[in-house]
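[1] Please work out how this folds:
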Amino acid sequence: MNATRRGLAVRLGGWSTRHRKSAIIGWLLFVVVVAVVGGMSGSRQMTDSENGAGDSARAQKILEDAGVTTPAGEMVMLRSADPDGWRAAAGDLTARLEKTGETARIQPPVRSASGREGLVTFQLKGDPDTAGKRVKPVQDAVAATGSAHRGITTHEFGDATAQHELDGMLANDFKKAELTAVPLALGILLVVFGALVAALLPVLLGLTACIGTFGLLALVSHKLPLYDSTNSVMFLVGLAVGVDYCLFYLRRERDERAAGRDAETALRIAAETSGRAVLISGVTVMLAMSGMFLSGLMLFKGFAVATLLVVLMAMLGSVTVLPATLSWLGDRIDKGRVPLLNGRRKSRKEGVRASGGVTGTLMKPVLARPKLFAAISGALLLMLCAPALGMKTENLGMEKQFGSDAPLTVAYKEITGAFPGGPAPAEVVVRADDISSPRFGAAVTDFKQRLADSGRFGKAVEVELHAKQGVARIEVPLAGNGENAASKRALDTLRDDLVPDILGPVSDEAYVGGELAGSRDFTDQLKTDIAPVFAFIAAVTFLLMLVCFRSLPIAIVSILLNLLSVGAAYGTMTAVFQHGWGAELLGMEPAGAIESWMPLFVLVILFGLSMDYHVFVVSRIREAHDRGLSTRDAIREGIRSTAGSVTGAAAIMVAVFSVLGLLRMQDMQQMGVGLAVAVLVDATLVRMLLLPSLMALLGERNWYLPRALRWLPNLSHGEAPTPEESRPLVGAER
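    So this is what the prediction gives:
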């Protein structure tokens, strides 16, 4: 066997064990340097136009290029039992707001149709991007007004209050997730290895990979700006992947030592087998993640860069620093033994070697009746996938993201109920050579009249002219609550009729933006993106499996099994968050729809992550087959020998992703539940039942390779023979 084609992991591990200090200290220095340099350079967040799509992004881009910033707008609704009973409180509120020194352009109160509500609108001074940090005195003034006037209720909503609430929620939730994920992973590894040092090592390597990636991402963000939650999502994915890679490698080394191998041989075999599987899995994950670059949305390009970097760091650490550390530690890897757990682990190991353990017992009926188990597991998976057929996606609004009982949601509903279109108006942005001309002014007057005549818009149309920049911004309240059918019809009227017919002839560019327009444009772009992204990922995964295993059936089965895992995630998310099945038991509130960007994100993440187990399991099956075992015996040995590692790795991923399900944001809950269920299903139904039963049905046809593809490199899946235990390797082709 040509070592050049099969020994990269061995060569990396060999160099690391021979240069332990260089490998370990070099890794730590690299992580520290990039983290410090990245922290000093700062991180650039994407702008609103960069995070959008379509005409709404173009509208925002015109404003950004012209240096036109829209101040953070706020509104406070005061309600009284009697008509106009709120007027005294409105006067008091205005005075209190002025005293804060943070407000500008406080408008006279607007009376609702019933007369029992009054709406005071104003703006916050300064940079709108930091308004959330300066809104607290304003909120205190609103609360003081409500307390000072008996019978008056107040509801505040606006850019600053929403930013304040969202920033606080995201910061607290992600901090909680990050602090919870590490102890969970450590606890599971303690159960797997029964020793504190062995459990700590994968966690420490995973953490250093994430810390290094934080620094790299900060540097990259100056070329590709990132979404504000990209770092947190990267951390959870990176921790799960990094710990899993180390677990696979370390578990194989421990098993070889338990089988009587010396330390050097055990490390070499671990590098030759699990190290190689880590490289294949890591490359597969990175190629799958790169599919997000085909998206027209910068959000996914940022996610792609983040996951690519953290998987690369985790993969490199696992095949270099890990073997160096294991070589340095030697038998000290078993220090800090937990007596009960360590005893159970030894008992399990002895039982596995003697009789195959639980997994060996399970494999007997699966391999004896593969048709039955393929039908049962396939039917169960299809049942999990079935709800996805009715999946409805949308850009979730305030109420669905925060929950119907959140104060911000309640305020939004109360204000939109009394003053339709107020909190979420459309934004018409026009660029023209001379917006001060009589012709342009006449067009704007005609535009406002047509808005009033249509009956689909509110009365408070605001026009801002920026003559120096040649830009006009027109705020148009939509009918409805800003996201229902009435609002959508009003938006269509704006985009299809009024803006092109009236403002189009007097401008160079005229676009309609705002929350509803941005949501629609974003969703439309996602629908366009998902087909090419899926085609790319499927093709890359197929080709990589074909090259690695020299098997057409294995490559096809890999795609099908991944699709079932993704389908199970889609079905679960749809059932829980759209239909509400079991949502109450989980302490979650169904949104009636799935966040629009979630299907594409989950598709890419799962197509990458599910390959961890698939490559690891199939590699062990192929390794056993290459040693001369029949396909069924190879399946039995491959599944049995990987069961502990796959179970531990899956438990870590399920635990880490489940933490996301405990957060308050609806989209994070959907992501956590979908990913956790998919990984659980993938490691149990798919890898332990469906995969072995399908391979048993295929028999020796598993290894079929068309004659036209025989030129593919023949890669080894087992350890290289040593002089002391030389034995002929059975070729991959038969």
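[2] Starting from the host helix or strand of R620, tell me the next helix or strand along the chain.
    Per DSSP states H and E: R620 is located in helix 598-626. For helix 598-626, the succeeding helix or strand toward the C-terminus, using DSSP H and E, is helix 631-661.
[3] who does that following helix touch, helix- and strand-wise?
    helix 159-193, helix 230-258, helix 339-355, helix 357-368, helix 598-626, helix 666-681, helix 691-698 (3 or more C-beta pairs under 8 Å, 6 or more residues apart in numbering; DSSP states H and E). (C-beta placed from N, C-alpha, C; glycine too.)
[4] Give me the residues contacting the shortest one.
    Read that as helix 691-698. 363, 366-367, 370-371, 373-374, 377, 553, 557, 561, 614, 617-618, 621, 631-632, 635-636, 639, 702 (C-beta atoms under 8 Å, 6 or more residues apart in numbering).
[5] Kindly format the C-alpha coordinates of that helix as CSV.
    This file holds the C-alpha atoms of helix 691-698, laid out as CSV (Å, rounded to 0.1, in the frame of the first residue of the first chain):
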residue,chain,number,x,y,z
LEU,A,691,-27.1,1.4,7.8
PRO,A,692,-26.2,-2.2,8.9
SER,A,693,-29.5,-3.6,7.6
LEU,A,694,-29.0,-1.9,4.2
MET,A,695,-25.3,-3.0,4.0
ALA,A,696,-26.3,-6.6,4.9
LEU,A,697,-28.9,-6.6,2.1
LEU,A,698,-26.3,-5.4,-0.3
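[6] Helix 357-368 and that helix, what's the angle between them?
    30 degrees (axes from the mean of the first three to the mean of the last three C-alpha atoms, to 10 degrees).
[7] In the stretch 51-200 of the chain, what residue spans correspond to strands?
    73-79, 103-104, 110-111, 117-124, 153-158 (DSSP state E, counting those that start in this stretch).
[8] Redo those as JSON lines? Include mean neighbour count and mean pLDDT.
    JSON lines is the format used below for the strands of the stretch 51-200 of the chain (neighbours: other C-beta atoms under 10 Å; pLDDT from 0 to 100):
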{"stretch": "strand 73-79", "mean neighbour count": "24", "mean pLDDT": "91"}
{"stretch": "strand 103-104", "mean neighbour count": "17", "mean pLDDT": "89"}
{"stretch": "strand 110-111", "mean neighbour count": "18", "mean pLDDT": "88"}
{"stretch": "strand 117-124", "mean neighbour count": "23", "mean pLDDT": "91"}
{"stretch": "strand 153-158", "mean neighbour count": "22", "mean pLDDT": "90"}
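[9] Of those strands, which is nearest C548?
    Closest to C548 of these, according to C-beta to C-beta: strand 153-158, at 54.4 Å.
[10] Quick check: can you name the pairing partners of that closest one and their directions?
    Looking at strand 153-158 with DSSP bridges, its partner strands are strand 73-79 (antiparallel).
[11] From the chain's centroid, how far away is the partner strand?
    Relative to the centre of its chain, strand 73-79 is centred 35 Å away, using C-alpha atoms, centre = their mean, to the nearest Å.
[12] Could I get the contacting residues of the spatially closest residue to T145 that is not a sequence neighbour?
    Counting by C-beta to C-beta, 6 or more residues apart in numbering, L93 is the residue found nearest to T145 once chain neighbours are left out, at 4.4 Å. By C-beta under 8 Å, 6+ apart, L93 lies in contact with 76, 78, 120, 141-142, 145, 154.
[13] Include distance to G390 when you put those residues into TSV, please.
    Shown next, in TSV, are the contacts of L93 (distance: C-beta to C-beta, whole Å):
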residue	distance to G390
V76	40
L78	43
V120	43
A141	47
V142	42
T145	47
T154	41
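[14] what two of the residues you listed are the furthest from one another?
    For the contacts of L93, the farthest-apart pair by C-beta to C-beta is L78 and A141; their separation is 12.7 Å.
[15] tell me the contacts of the closest residue to G458 other than its chain neighbours?
    Computed as C-beta to C-beta, 6+ apart, the closest residue to G458 that is not its neighbour in sequence is P477, at 2.8 Å. For P477, the contacting residues are 420-422, 425-426, 457-461, by C-beta under 8 Å, 6+ apart.
[16] Next, give phi and psi for P477.
    phi -60, psi 130 (degrees, to the nearest 10).
[17] so how far is P425 from it?
    Separation of P477 from P425 (C-beta to C-beta, to the nearest Å): 5 Å.
[18] Now the common contact residues for these two.
    Common contacts of P477 and P425, defined by C-beta under 8 Å, 6+ apart, comprise G458.
[19] Near L224, how many other residues are there?
    Applying other C-beta atoms under 10 Å, we find 16 residues neighbouring L224.
[20] Adjust the sequence numbering to begin at 2 for everything that follows.
    From this message on, residue numbering opens at 2, which makes the last subject L225.
[21] Please give me every residue in contact with it.
    With contacts defined as C-beta under 8 Å, 6+ apart, the neighbours of L225 are 299, 302-303, 306.
[22] Among those, which are located in helices?
    The helices, defined by DSSP state H, take in 299, 302-303, 306 from the contacts of L225.
[23] Which of those residues lies at the shortest distance from D245?
    Of the ones in helices among the contacts of L225, the one sitting nearest to D245 (C-beta to C-beta) turns out to be V306, at 21.0 Å.
[24] Can you name the residues that contact the closest one?
    218, 221, 225, 227.
[25] what does L385 give?
    With contact taken as C-beta under 8 Å, 6+ apart, L385 is in contact with 568-569, 572-573, 678, 682.
[26] Just the CA atoms of the strand or helix carrying it, as CSV, please.
    Here L385, judged by DSSP H and E, is contained in helix 371-386. Provided in CSV are the C-alpha atoms of helix 371-386 (Å, rounded to 0.1, in the frame of the first residue of the first chain):
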residue,chain,number,x,y,z
PRO,A,371,-32.1,-7.2,7.5
LYS,A,372,-35.2,-6.7,5.4
LEU,A,373,-37.5,-6.5,8.4
PHE,A,374,-35.2,-4.0,10.3
ALA,A,375,-34.6,-1.9,7.2
ALA,A,376,-38.4,-1.7,6.7
ILE,A,377,-39.0,-0.8,10.4
SER,A,378,-36.3,1.8,10.7
GLY,A,379,-37.1,3.2,7.3
ALA,A,380,-40.8,3.5,8.2
LEU,A,381,-39.9,5.2,11.5
LEU,A,382,-37.7,7.7,9.8
LEU,A,383,-40.3,8.5,7.2
MET,A,384,-42.8,9.1,9.9
LEU,A,385,-40.5,11.6,11.5
CYS,A,386,-40.0,13.2,8.1
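[27] Now do the helix or strand just after that helix: everything it contacts.
    Downstream of helix 371-386, the next assigned helix or strand under DSSP H and E is strand 394-395. Residues from elsewhere that reach strand 394-395 (C-beta under 8 Å, 6+ apart): 520, 524, 527, 594-597, 599-600.
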